[in-house]
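Asks: Using only what follows, build the 3D model:
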Amino acid sequence: MEPITASILIILGKYALDKGVELGKEVGPQALATAKEIALKALEKLRQQPAGTVIAEEYQEDPETYAKPVAKEVDKAVAQDKEFKAQMEALLKQYDELAARFAASKGDTHMSIFVQGERNAVISGDVSNSIINTGDNNTIGRG
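Replies: Prediction:
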């Protein structure tokens, strides 16, 4: 799986469950709008393939059941379409920045983990007192 796929799927999954109601409470309206854009672009990309249309439609009705087929198709799209991948990377960065700004405005901290890079993890935000599991089965504790 392409490292960025996991980040797309996390946001897509959170958005799909209730059209972003709970996610909006967590990240604020601006980041929610970006999450919606990520979700819509990902599903739109799937609909460009005949089998993807069915998967995208079923996913919107039952996200939990169709999560694996969507993951497979999103991963293929990221691997094959560099422009789509670049769009998703830019949107994920924007989402993270907006979510962090919203959290800071409430006196909270925001942490996003985007899976990418050599050891498959990029963390932004405050990760104090956290345990970080890297892609190579190492666990890093930071206090």
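
Asks: now the strands for the chain?
Replies: With strands called from DSSP state E, the chain shows them at 111-114, 122-125, 130-133, 139-142.

Asks: Mind pulling up the pLDDT for the closest residue to residue 71 other than its chain neighbours?
Replies: Distances taken as CB to CB, 6 or more residues apart in numbering place residue 9 nearest to residue 71, at 5.5 Å, with adjacent residues excluded. Backbone N, C-alpha and C define where each C-beta goes, glycine included. Predicted confidence (pLDDT) for residue 9: 93.

Asks: pretty sure residue 9 contacts residue 73?
Replies: No - the pair residue 9 / residue 73 is not scored as a contact, 10.7 Å apart, by CB atoms under 8 Å.

Asks: Of the two, which one has the most company?
Replies: Shown here are residue 9 and residue 73; by other CB atoms under 10 Å, residue 73 has more neighbours (23 against 20).

Asks: about what we covered before: measure the residue nearest to residue 71 to residue 67 for me?
Replies: Applying CB to CB, to the nearest Å, the value for residue 9 to residue 67 is 7 Å.
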